[in-house]
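Novice: Turn this into a model:
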Amino acid sequence: MEKLDLKKQYKHLYNPSARKVEWVDIPPLQFAMVDGLVPAGEGPGDSADFQEAVGALYGISYTLKFMIKKRADDPIDYPVMALEGLWMTESGTYVATDREAMSYTVMIMQPDFVTPEQFEAARAQLLKKRPGAGPARVRLETFHEGPCIQIMHIGPYATEPETVARMDAFAAEHGYTRRGRHHEIYMSDPFRTAPERLKTILRHPVSSIR
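Specialist: Now for the predicted structure:
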């Protein structure tokens, strides 16, 4: 059986330094995605909509993984990648401690060999096990983020503004302009990791190319 080490292949995208902000050019990647809204006054952890979205994403990602691993022809084993989130508030910004209404897209990267037909077969399997609206919300889409700056934030989500300030200073120093949505990649399980040890990649698309 072939084994695909996605974490090694994309190490430069998913293991940035925590000491300094870095520029990186993100290629087109394929994701399972779900859109939603966290109402004003709630955080993602309080939102039933968000929890449904995340559950559906993991459900379809693991269903796809085991479908492809167990198929008779050309089985491939690969890891399920980290949960990612694109965030924007009604005012057009994102701060982790704000309680404005926040639109989001949560997503998990999928190998580029996953086809729309395989994705729909996985959705059908998941719906048999987990009927409901969640699986129907998930789509397969290519996302090309392009030039970005990023850094590994270590610590609770509430301290993210300090790291974002470092990113903004780096962007100003190098003549970059932020564009798009605030991007977080959750490298730790918040239910199993102490807040001070949480690892979250913070990524901002920028308009200038170095």
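Novice: need the longest helix for the protein.
Specialist: helix 48-70 (DSSP state H).
Novice: can you give me how far that helix is from the chain middle?
Specialist: 13 Å (CA atoms, centre = their mean, to the nearest Å).
Novice: Name the residues that touch it?
Specialist: 1, 32-34, 36-38, 44, 75-81, 83, 104, 106-108, 110-111, 114, 118-119, 121-123, 125-126, 129-130, 132-135, 137-138 (CB atoms under 8 Å, 6 or more residues apart in numbering). Any C-beta I mention is one placed from the backbone N, CA and C, and that applies to glycine too.
Novice: Pull out the buried residues from it.
Specialist: 49-50, 52-54, 56-57, 59-61, 63-65, 67-68 (16 or more other CB atoms under 10 Å).
Novice: sorry, back to before: from the contacts of helix 48-70, which would you call buried?
Specialist: Judged by 16+ other CB under 10 Å, buried ones among these: 32-34, 36, 38, 44, 78, 81, 83, 104, 106-108, 110-111, 114, 118-119, 122-123, 125-126, 134-135, 137-138.
Novice: Return the subset of those residues lying in helices.
Specialist: 118-119, 122-123, 125-126, 134-135, 137.
Novice: for Leu127, what are its contacts?
Specialist: Per CB under 8 Å, 6+ apart, neighbours of Leu127: 135-136.
Novice: That one and Tyr58: what is the separation?
Specialist: In this view, Leu127 and Tyr58 are 15 Å apart by CB to CB, to the nearest Å.
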